[in-house]
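**Q** here is a sequence together with a model predicted from it:
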Amino acid sequence: MIGANILKIKEQIPASVQLIAVSKTKPVEAIQEAYDAGHRAFGENKVQELVSKYEVLPKDIEWHLIGHLQTNKVKYIAPFVHLIHSVDSLKLLETIDKEGRKNNRIVSCLLQFDVTNEETKFGFTPQEGFELLNSDAFKAFTFVRICGIMGMASNTDNEAQIAREFAQLHDCFNMVKDILDEQGKGADCMIRSYGMSGDYQLAIKQQSNMVRVGSAIFGSR
């Protein structure tokens, strides 16, 4: 069923959109089943769970850290993580840069933006993102690569509101891309990671090119 679900979703989305299978709380056996069906990109919320799965699963898996990341946990994933989606502070970026330097490895990241009014969501406001990218501290980083943005829409059934928020996220991406282009760092900034199981089709209509899908692949938690 897992392999069939992945195939069904990939048939529904453009080839230009990357599917991240959100495997948080799911057993290793379920991830292996998706892997055996040819899928390689998986998203985890918690560092401890990600590390334990990394240790036992095939090493060509691309691991994405999509949950809120504490600075004291960065050191555990810096040696191998493919992409950190949830960068939401200068302090976190400083830690990622430091751990990247220790591992002699440039760590790919997305800046997380919050365009909702929900207190449970993390992320920069557009103004905060603008100030970060133009700061001297940001310009000094050498072991961080900003590859785009991540965000979520409000938890609502109002599709017009969801589409509007995804459009706001696309505006955030354009801002990030423009600033990085001015700094000569824009070549790697391509990723627009928004859209999940319930709204990924709406997200793709608003220019998302990376969707994070869990329950539609692995079943409800």
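**A** That came through fine.

**Q** where's the spatially most central residue of the chain relative to L111, distance?
**A** Nearest to the mean C-alpha position of the chain, by C-alpha atoms, centre = their mean, lies H85 at 3.0 Å. Per C-beta to C-beta, to the nearest Å, H85 is found 9 Å from L111. All C-beta atoms are positioned from the backbone trio N, CA, C, and that covers glycine.

**Q** any residues in contact with both of these two?
**A** Residues touching both H85 and L111 by C-beta atoms under 8 Å, 6 or more residues apart in numbering: M150.

**Q** the residue nearest to the centre of the chain in helix, strand or coil?
**A** Of the three states, H85 takes strand under DSSP: H, G, I helix; E, B strand; the rest coil.

**Q** state the distance from it to F141.
**A** With distances taken as C-beta to C-beta, H85 is found 18 Å from F141.

**Q** any stretches of this structure with poor pLDDT?
**A** Across the chain, the ranges flagged by pLDDT under 70 are 221.

**Q** moving C-terminal of the longest helix along it, what's the next helix or strand?
**A** Using DSSP state H to define each element, the chain has its longest helix at helix 159-182. Next in sequence after helix 159-182, counting helices and strands by DSSP states H and E, comes strand 191-193.

**Q** which strands or helices does that following strand pack on?
**A** strand 144-150, helix 159-182, strand 210-213 (3 or more C-beta pairs under 8 Å, 6 or more residues apart in numbering; DSSP states H and E).

**Q** okay if I get these as a markdown table plus mean neighbour count?
**A** Listed next are the helices and strands packed on strand 191-193 as a markdown table, based on neighbours: other C-beta atoms under 10 Å:
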| stretch | mean neighbour count |
| --- | --- |
| strand 144-150 | 24 |
| helix 159-182 | 18 |
| strand 210-213 | 24 |
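
**Q** of all those, which one is nearest I96?
**A** Closest approach to I96 among the helices and strands packed on strand 191-193 is made by strand 144-150 (5.5 Å; C-beta to C-beta).

**Q** the closest one pairs with which strands?
**A** Sheet pairing for strand 144-150, assigned by DSSP bridges, gives strand 107-112 (parallel), strand 191-193 (parallel).

**Q** who wins for proximity to Q12 among these?
**A** strand 191-193 (17.8 Å).

**Q** residues of that closest one that come out buried?
**A** Within strand 191-193, the residues that count as buried by 16 or more other C-beta atoms under 10 Å are I191, R192, S193.

**Q** would you turn the residues you listed into CSV with distance to A160?
**A** Output for the buried residues of strand 191-193, formatted as CSV (distance: C-beta to C-beta, whole Å):
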residue, distance to A160
I191, 25
R192, 20
S193, 22
